[in-house]
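Asker: one predicted model, sequence on top.
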Amino acid sequence: MRPNRSSVDGGITAGLCELTLETADPFSLAGFYERVFGWQRLSEEPDRIWLACGEDARIGFWAPGEKEFGDRGGRHVHYALSIPPGRMTALCDHLEREGIDYRGPVEHDGGDRSIYFSDPERNLVEAWDFFERRQDAEALAE
């Protein structure tokens, strides 16, 4: 089910602002994301690193172990990153140059598309043009 515009705008939250992934080597995994997406490092501590991954979002790479609020990592399934429709081919080309296997673009019902690949910790990463494609369609309708 796709959210309609009112449920997105009128929701209690404004969207995802932070995601953390557990890894035995935060510096290595952060380096992968810096290289693949060009994300900038915001901060680092001995057990974690934060990268900017959007205008109002960050991703953290944390070493295993309990953190200050009782946080503890666990098995991760997958997450999706928003990508403009016109950048899908460029991302595929970039992944190929980096030697990263990917699947797609996969077209979904409604015309939105995704590509899928795994990071070095085997987290499945999806790059999805759903929200960006919807915004392009709304701009054309105005």
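Answerer: Yep, it's here. Numbering: from 1, shown residues only.

Asker: so who does the residue nearest the centre of the chain touch?
Answerer: Per C-alpha atoms, centre = their mean, the C-alpha nearest to the average position across the chain is that of Leu81, at 3.2 Å. Contacts for Leu81 (C-beta atoms under 8 Å, 6 or more residues apart in numbering) come out as Phe37, Cys53, Val125, Glu126, Ala127, Trp128. Quick note: C-beta positions are derived from backbone N, CA and C, even for glycine.

Asker: just those now: which is nearest Leu91?
Answerer: Among the contacts of Leu81, Ala127 lies closest to Leu91 (C-beta to C-beta), at 5.7 Å.

Asker: element containing the closest one?
Answerer: Remark: Ala127 resides in strand 124-128, with elements defined by DSSP states H and E.

Asker: got the contacts of Leu81 as JSON lines, with pLDDT, distance to Lys67 and neighbour count columns?
Answerer: Rendered in JSON lines, the data for the contacts of Leu81 read as follows (pLDDT from 0 to 100; distance: C-beta to C-beta, whole Å; neighbours: other C-beta atoms under 10 Å):
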{"residue": "Phe37", "pLDDT": "94", "distance to Lys67": "24", "neighbour count": "18"}
{"residue": "Cys53", "pLDDT": "92", "distance to Lys67": "20", "neighbour count": "20"}
{"residue": "Val125", "pLDDT": "91", "distance to Lys67": "23", "neighbour count": "19"}
{"residue": "Glu126", "pLDDT": "90", "distance to Lys67": "26", "neighbour count": "17"}
{"residue": "Ala127", "pLDDT": "90", "distance to Lys67": "28", "neighbour count": "22"}
{"residue": "Trp128", "pLDDT": "88", "distance to Lys67": "29", "neighbour count": "21"}
